[in-house]
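Asks: here is my input, please return the structure:
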Amino acid sequence: MRLLKMFAIAAFALAGTVEAQTSHGYVFLAPGGATANGYTAMTLNPGIGGEARIVPHIGAGAELAGLGFREDFSSSIMGVFSSNGYFHFNGKKGAKIDPYLTGGYTLFFRYGHANLGNFGGGVNIWPSKHVGVKLEARDHVTTRYETVHYWGVRVGVNFR
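Replies: Predicted coordinates:
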């Protein structure tokens, strides 16, 4: 209980720091593929996420998504959870063009689970103060039995 109280106090203390930087949520759709041994099966990857800017160039985020094969999406879909770090090339608050690199941990889940790593990069474009566009390439990689790349080109909407 004491640990929970300390966590709550720390969260409230840091909330002002995180709020002073730019934080945002987003939704996306990523057509892509699952590539292994020179073969690719087309995939769809819809999801929702958020990012908090910790300091001007560094952010942390999480997202929840689905990933399935395009030909049989409803029966092949699995859950995807990602926790990532972000490096933003433009550290200015309120920048209209915000290119970034990202990488982190991915968990695939359906009946069991699989642990993967992910990396990518993209740009957030903010034509208005509260709504923007997200363009990103992301690759979730596993080497458990063989190397498989679950890659996608994300197109999304940012909101603050």
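
Asks: all strands of this structure, in order?
Replies: 23-36, 39-55, 58-69, 78-88, 97-109, 113-125, 131-142, 148-159 (DSSP state E).

Asks: so which bits of the fifth one are buried?
Replies: Using 16 or more other Cβ atoms under 10 Å as the burial criterion, the residues of strand 97-109 that qualify are 98, 100, 102-104, 106, 108. Yep, even glycine has a C-beta here, placed from its N, CA and C like the rest.

Asks: low-confidence ranges in the chain?
Replies: For the chain, the stretches with pLDDT under 70 are 1-21.

Asks: specify the beta-bridge partners of the residue nearest the centre of the chain.
Replies: Against the mean C-alpha coordinate of the chain, by Cα atoms, centre = their mean, the closest residue is residue 63 at 5.2 Å. Taking DSSP bridges as the rule, residue 63 bridges to residue 49, residue 82.

Asks: residues in contact with it?
Replies: 47-50, 80-82, 84 (Cβ atoms under 8 Å, 6 or more residues apart in numbering).

Asks: type out the PyMOL command that picks the buried ones from the residues you listed.
Replies: Buried subset of these, written as a PyMOL selection, criterion 16+ other Cβ under 10 Å:
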select buried, resi 47+49+50+80+81+82+84
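
Asks: out of the contacts of residue 63, which one sits closest to residue 57?
Replies: residue 84 (14.6 Å; Cβ to Cβ).

Asks: need the contact list for the nearest residue to that closest one once chain neighbours are set aside.
Replies: Nearest in space to residue 84, with sequence neighbours left out and distances taken as Cβ to Cβ, 6 or more residues apart in numbering, is residue 104 at 3.4 Å. Residues in contact with residue 104 (Cβ under 8 Å, 6+ apart) are 82-85, 117-118.

Asks: with that, I have no additional questions.
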